[in-house]
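predicted model, plus sequence, below.
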Amino acid sequence: MIESFNAVKQSLPYLLQGGWITIVIVTGAMIMGFFMGLCMAVGQVYGPSVLKRVIGVYIWFFQGIPTLVLLFLFYFGLFNYIGFNINALAAVTVVLGMTTAAYQANIFKGAILLLPRGQFKAASTMGMSDFQAITGVILPQILRLSIPAWSNEFSIVLKDSALAFVLGVPEIMARAKFIASRTYQYLPLYIIAGLIYFVLTWAGVMGLAKLAKTVRIPGYANKGI
Amino acid sequence: MLSPFYQELVSSLNRGLLMSLYLIIPSAVGGILLGIIVGCFRAFGNTFVRKMCDTYAAIFRGTPLVVQLFILYFGLPNIGICLSSYTAAVLGFVLCSGAYQSEYIRGALLSIKQNQYSAAQALGFSRFQSIVWIIIPQALRKALPGCSNEIIYLIKYSSLAYVVTCMELTGEGKAIATEYFRFTEVFAVIGLYYLLLVSLAILVLKKVEKATLIPGFGQF
Amino acid sequence: MGDPILSVENIKKSFNGVPILKGVDLCLNKGEIKILIGPSGAGKSTLLQCMNCLVPPDSGKFRLEERTVDITNKRELYVYRQQVGMIFQDFNLFDHLTALDNLTIALRKVKKMGKKEATARALAELSRVGLEEKTHLYPAQLSGGQKQRVAIARALTMDPKVLLLDEPTSALDPEVMGEVIDVIRNLAKRGMTMIMATHQINLIRTLADEILFMESGAVVEQGQPKVLLVPGTRSQGFCDKLDILTGKIK
Ligand SMILES: Nc1ncnc2c1ncn2[C@@H]1O[C@H](COP(=O)(O)OP(=O)(O)OP(=O)(O)O)[C@@H](O)[C@H]1O
Ligand SMILES: [Mg+2]
């Protein structure tokens, strides 16, 4: 009992430092997924049919293969194959980013389709250019509608980031595993690791809920998609 | 004719696929059943039961599945409980998937209008009968799309059994890849296996959704 | 008249401390039809729902065929409810079941009837309300009038001794009201004991054995139509207003 308490106490700062790496991975992946997802969503709704087909295949591919397999495929395989040498941390971030992009594309696409028709036209008749209409009128509405689903996606990516340890990235899980194998205090260490993830998830979801509240427009669907 | 490498790859991947199915099917069934039970408790239980079940769902939804599996397989031996890798994997999948399923079931249960319950009561149904024969069937139909989605996730997350040394599709493939040092081909083929599995499951689940469609019944 | 089937005494109900029913007494004799009228918010729906404890009253005594019913005893309450049918304003059909199954489910699960027997009984009731063609349609595929007829048939499969009807036609379009009214008239002809809240002026005039006028949680006037529907009574004043309203609709 005391032994495990000491092990946990001594390793806590080390585990928490891993939390920063987790945050870097998740932030990077979510930002990458956000921009890719947005582009794909616009492409899927407004683009030519060839583009729609290509994006459809991309989404099917990344939603149909487990993250673990994608990590192995890209890090040990494809990235080397095409002579694209990146470190494990970047590889994890990129793979998670590409995966969440597929899911975020669906989220944004759903939001676009939820918009009342005529918003685009209304903006055009006011003399806005297409680009102005999209960034000034369509985008703010889509983003608001997407917050709940996006927050859900965030918590999924955060949990998936725990798989980074298979590539040796020293985030929370890898550190817990490393210390556990030396001290044999598997149970308490993995519980602590779980706790850190729980707090991170909770903090992120709370933060996003708060964001949703501050940007809320009265009378506007605040349930989202 | 396939080269010896591909012959070996396909035969071990097929073996792995079988193991994956052994993992997925009981976990999916167990997850749904657990989800229904916990979902009912969360919707209709007394305060204590509800709090307990809410906590369970929050814990399993708020932590990575891989951590849960590590606790079950590597952690529990610390307190004298040793599970086989298969048992640990299935147990972890059922517990995690049950937590997510309970969320869909609970939401669907709470979305059933009070008047359905009143109508049952007025005919002399007991509370238990009303829930079993009227509320739950309606809720299940409403929860179906969410539950299907969760099963798809489960199929993909079954690959995590590999990290607790259960030799399924990913594990078998990884072994071959390391032996021959041919990662791209091997993982591309594994990816194909999963793609087929997931696409097939989507097809079947869509069929089920279609077959159980009730006219005018609001989607969840 | 003196063959009381259902009597309730001193029914009281408050919501959040506000008294909605202030001690209502009521006695239904066999084959009798009582009609509840009164302004919106008078407590008609609340009274009817208290009468089969969908809304549990704060106090009240229930007697069904000379037997006191202990509504705090669940088993007794379930049996009591089988004998007191209820028709709702918005039908409340089970959305996930076909018209036929809406009827059979209660027979099979509550009365524990076999499948064949239940189906035969249900088909008989459905054809009695003129819906033999619609047995396999879901509620969403039925019109309002058809839904309410299914709801009436469903209540009748339980062989209730009394039927409580809460504005059975007020959620219906004028064109389909007639088909439901016909079904209710038929029930009356067959001697069904009923208490009905309604604003249908012709139902009030032609069906009522007794009219109860409710206001703020109490029955303030009570009597046969020919006694009550004379100039100067509250009930007549109320009916005049209804006449004007229905006149305007036409
Ligand atoms: N569950 C409840 N909680 C609080 N107040 C209620 C509840 N149900 C009914 N009331 C109140 O009780 C009063 C009587 O309602 P009730 O529905 O019985 O009237 P009613 O006579 O049926 O009127 P209407 O003709 O509009 O149907 C109303 O003022 C209503 O606001
Ligand atoms: Mg009413």
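Received it, and whenever you're ready, just let me know what you need. Ligands and ions are numbered 1, 2, ... in the order given.

where do the helices sit along the chain?
Going with chain A. Using DSSP state H, the helices of chain A run over A:2-46, A:49-64, A:67-72, A:79-81, A:88-114, A:119-125, A:130-133, A:139-160, A:172-183, A:186-214.

meant chain C actually
C:44-51, C:74-83, C:99-109, C:115-128, C:144-157, C:174-189, C:201-207, C:225-228, C:234-249.

tell me which of those sits nearest to ligand 1.
Within the helices of chain C, the stretch nearest ligand 1 is helix C:44-51; the backing value is 3.2 Å (C-beta to the nearest ligand atom). Glycine gets a C-beta too; all of them are placed from N, C-alpha and C.

anything in the closest one near ligand 1?
Yes. Against ligand 1, helix C:44-51 shows contacts by C-beta under 6 Å from any ligand atom at C:44, C:45, C:46.

could you export that helix as CSV, CA atoms only?
The C-alpha coordinates for helix C:44-51 follow below in CSV (Å, rounded to 0.1, in the frame of the first residue of the first chain):
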residue,chain,number,x,y,z
LYS,C,44,-62.2,18.6,-16.1
SER,C,45,-59.1,16.8,-17.4
THR,C,46,-57.6,16.6,-13.9
LEU,C,47,-60.9,15.1,-12.5
LEU,C,48,-61.0,12.4,-15.2
GLN,C,49,-57.4,11.6,-14.8
CYS,C,50,-57.9,11.4,-11.0
MET,C,51,-60.8,9.0,-11.6
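
list the helices and strands that helix packs on?
In terms of contacts (3 or more C-beta pairs under 8 Å, 6 or more residues apart in numbering or on different chains; DSSP states H and E), helix C:44-51 is packed against strand C:4-15, strand C:18-29, strand C:33-37, strand C:84-87, strand C:162-166, strand C:193-197.

what does chain C put close to ligand 1?
Within chain C, the positions adjacent to ligand 1 are C:15, C:20, C:38, C:40, C:41, C:42, C:43, C:44, C:45, C:46 by C-beta under 6 Å from any ligand atom.

can you pull the contacts of residue B:118?
Residue B:118 sits next to C:54, C:88, C:92 when contact means C-beta atoms under 8 Å, 6 or more residues apart in numbering or on different chains.

ok, 7 Å please
Contact partners of residue B:118, counting by C-beta atoms under 7 Å, 6 or more residues apart in numbering or on different chains, are C:54, C:92.

tell me the pLDDT at the residue most central in space within chain A?
Compute the mean C-alpha point of chain A, and by C-alpha atoms, centre = their mean the closest residue is residue A:30, 3.7 Å away. You'll see residue A:30 listed with a pLDDT of 96.

quick one: buried residues of stretch B:52-70?
Of the residues in stretch B:52-70, those buried under the neighbour-count criterion (16 or more other C-beta atoms under 10 Å in any protein chain shown) are B:53-54, B:56-57, B:59-70.

any idea of the mean pLDDT in that stretch?
For stretch B:52-70, mean pLDDT is 95.

just stretch B:84-100 next, same as before
Mean predicted confidence for stretch B:84-100 is 95.

go ahead and confirm the residue nearest to the centre of chain A touches residue A:154.
Yes. Look at residue A:30 against residue A:154 with C-beta atoms under 7 Å: they come within range, at 6.0 Å.

so where's chain B uncertain?
Within chain B, the ranges that satisfy pLDDT under 70 run B:1, B:218-220.
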